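Chemist: Whatever this is, show me its structure:
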Amino acid sequence: MSAKLPATFYYDIISPFAYLYVKQRYRLEDKLDITPVPVLLGGLLRATENIGPAEVTEKRPHTYHFCIWQAERLGIPFRFPERHPFLSVAPQRLLLELNADWQMVERAFDFVWLEGKDPTLSWSEFCAYLGLGANTPKPESPEVKAALVSNTNKAKADGAFGVPALILNQHCFWGLDTIDWTLDYLERPGMFEEAPYAFASTIPNGLR
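Modeler: Residues are numbered from 1 along each chain as shown. Reported below is the predicted structural model:
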């Protein structure tokens, strides 16, 4: 059996699409050794001059309804937290500080998208849900703060412009719907050197 290829998964528990991706990651695990890396979505969006769907009035309900439909279609339990977007800085710092493995990462997502809780409003409950002491403090050390910023900057450098983002062989596969694309790429590792893909990378931007 061939060795698994290393891949990086950039995530923020604020994202419902990242939650749905985490629940589908088993589709890739036979071929990839995926390392989960916490980032701050807001910082990544700002760094890439992007905005989230919740910042567009008309797009927000459309996106939320689509998430509900997609979860139903996939058979994945899904419940929105009591407010969204919420501040994910503290939970993301905590997951980084603990070097959270997949089990803890999934529990963190479940707290938000299965239990329907805002970890910032229910910090003690969130920590207990992760198997930590209910009195666990919110990380405030300069080192952890800087590390989350560093992760976010690295995500941008790797080509990510949102989450969920899987980085594989220096290619960024963004979004839940790119799991199938990733599987096709693994069967065709020269995909991006094929003529249509190579041409698409060189098309001039007519708006600049």
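Chemist: All the strands of this structure, in order from the start?
Modeler: Applying DSSP state E to the chain gives strands spanning 5-11, 32-38, 165-168, 171-174.
Chemist: Nearest approach to residue 140 belongs to which of the ones you listed?
Modeler: Residue 140 lies closest to strand 32-38 among the strands of the chain, at 16.1 Å (CB to CB). Using the backbone N, CA and C atoms, a C-beta is placed for each residue, glycine as well.
Chemist: Which strands or helices does that closest one pack on?
Modeler: Secondary-structure packing of strand 32-38 (3 or more CB pairs under 8 Å, 6 or more residues apart in numbering; DSSP states H and E): strand 5-11, helix 89-97, helix 142-157.
Chemist: got the angle between the first one and helix 89-97?
Modeler: What it means is strand 5-11. Put simply, strand 5-11 runs at 160 degrees to helix 89-97, going by axes from the mean of the first three to the mean of the last three CA atoms, to 10 degrees.
Chemist: Near residue 121, how many other residues are there?
Modeler: 13 (other CB atoms under 10 Å).
Chemist: And the pLDDT for the residue nearest to it when sequence neighbours are not counted?
Modeler: Closest residue to residue 121 apart from its sequence neighbours, by CB to CB, 6 or more residues apart in numbering: residue 82 at 7.0 Å. Listed pLDDT for residue 82 reads 93.
Chemist: Between the strands of the chain, which one is closest to residue 147.
Modeler: For the strands of the chain, the distance to residue 147 is smallest for strand 32-38, at 9.2 Å, taking CB to CB.
Chemist: circling back to that earlier point, now the residue nearest to residue 121. Its backbone dihedrals?
Modeler: Phi and psi for residue 82, reported as degrees, to the nearest 10, are phi -70, psi -20.
Chemist: Name the stretch among the helices and strands packed on strand 32-38 that sits most buried.
Modeler: Highest mean neighbour count of the helices and strands packed on strand 32-38: helix 89-97, a mean of 22 (counted as mean count of other CB atoms under 10 Å).
Chemist: Show me the helices in this protein, by range?
Modeler: 16-24, 41-47, 59-74, 89-97, 102-113, 123-129, 142-157, 179-187, 195-200 (DSSP state H).
Chemist: Now tell me what touches the shortest one from outside.
Modeler: Looking back up the chat, that one is helix 195-200. Applying CB atoms under 8 Å, 6 or more residues apart in numbering, the contact partners of helix 195-200 are 191, 192.
Chemist: can you do 7 Å?
Modeler: residue 191 (CB atoms under 7 Å, 6 or more residues apart in numbering).
Chemist: related to what we said a few turns ago, give me the neighbour count for the residue nearest to residue 121.
Modeler: Neighbourhood size, residue 82 [other CB under 10 Å]: 11.
Chemist: so who does residue 117 touch?
Modeler: The contact partners of residue 117, by CB under 7 Å, 6+ apart, come to 81, 111, 125, 126.
Chemist: Skipping adjacent residues, who's closest to the last one in space?
Modeler: So that's residue 126. residue 119 (3.9 Å).
Chemist: show me where pLDDT drops low in the protein?
Modeler: Scanning the chain for pLDDT under 70 picks out the ranges 1.
Chemist: so residue 93 touches residue 144, yeah?
Modeler: Yes: using CB atoms under 7 Å, residue 93 is in contact with residue 144, at 5.0 Å.
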